[in-house]
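Asker: Need coordinates for the following:
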Amino acid sequence: MSELSLPNLGSFPGRLARLYSGLALYGAGVALQIESHLGGSPWDVFHQGLSIHLGLSVGTWIILVGALVMLLWIPLRQRPGIGTISNVLLLGVFADAAMWLIPTPEPPVARWAYLLLGVVTTGAATALYIGAGLGPGPRDGLMTGLNRLGLSIRAARTLIEITVLAAGWLLGGTVGLGTAVFALAIGPLSQFFMPLMRPRG
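Answerer: Numbers count the residues shown, from 1 in each chain. Okay, the predicted model is just below:
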């Protein structure tokens, strides 16, 4: 492929391309982790639990929860960006589409392959999404909003993720080794992919 055919990732259209490719990739990562049945991120355990207990698809709950979390931005005085709105509207659509497309694995090796690929995919997607610089996701914005009220980022993230993980588990979401793998790996993976996703030139 010639250099001229590549999008200029430093331009606004390039940033949009990174945003939406990141959201699509993130949706695929969510689907792979859920279909592994080995446990996923705290938020995905919560979305899965809501789906099991109350009906509707996991992707629909990703959208509904994202919209409800955005309402909490109002007292926290957080401002959404294009990326924030796109996250709310599209991430659940991408996750549901991926879960519809990929088969559910049966052998344990295949389930672990799904889990590990899902976590790596989510790390790369996070770097793409953040690198676009078009606004935080609704859940990340909740964390930074609590930080503005005086909580440290670590304390805010820990509080939020323990709360949603416990709620998801009580609702029947799958908590397992995959949840621990995600928690330990997502930070280093996102950091690894960030410089690789930066615009060149």
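Asker: Quick check: nearest residue in space to the spatially most central residue of the chain, chain neighbours excluded?
Answerer: The residue lying closest to the centre of the chain (Cα atoms, centre = their mean) is Tyr26, at 5.5 Å. Excluding its sequence neighbours, the residue lying closest to Tyr26 (Cβ to Cβ, 6 or more residues apart in numbering) is Ala125, at 3.7 Å. Yep, even glycine has a C-beta here, placed from its N, CA and C like the rest.
Asker: Likewise for Glu161?
Answerer: Pro42 (4.2 Å).
Asker: hmm, back to that, just checking, what packs against the helix or strand harbouring the residue nearest to the centre of the chain?
Answerer: With elements taken from DSSP states H and E, the one containing Tyr26 is helix 12-36. Applying 3 or more Cβ pairs under 8 Å, 6 or more residues apart in numbering; DSSP states H and E, one finds that helix 12-36 contacts helix 42-54, helix 58-71, helix 82-101, helix 108-132, helix 177-193.
Asker: Among those, show me which one is buried the most.
Answerer: helix 42-54 (a mean of 22; mean count of other Cβ atoms under 10 Å).
Asker: Provide the contact partners of that one at residue level.
Answerer: By Cβ atoms under 8 Å, 6 or more residues apart in numbering, the surrounding residues in contact with helix 42-54 are 30, 33-34, 39-40, 56-58, 60-62, 65, 139, 161-162, 164-165, 167-175, 179, 183.
Asker: Could you tell me which of the residues you listed count as buried?
Answerer: Neighbour counting by 16 or more other Cβ atoms under 10 Å classes 30, 33-34, 39-40, 57-58, 60-62, 65, 139, 161, 164-165, 168-169, 171, 173-175, 179 among the contacts of helix 42-54 as buried.
Asker: Fine by me, thanks again.
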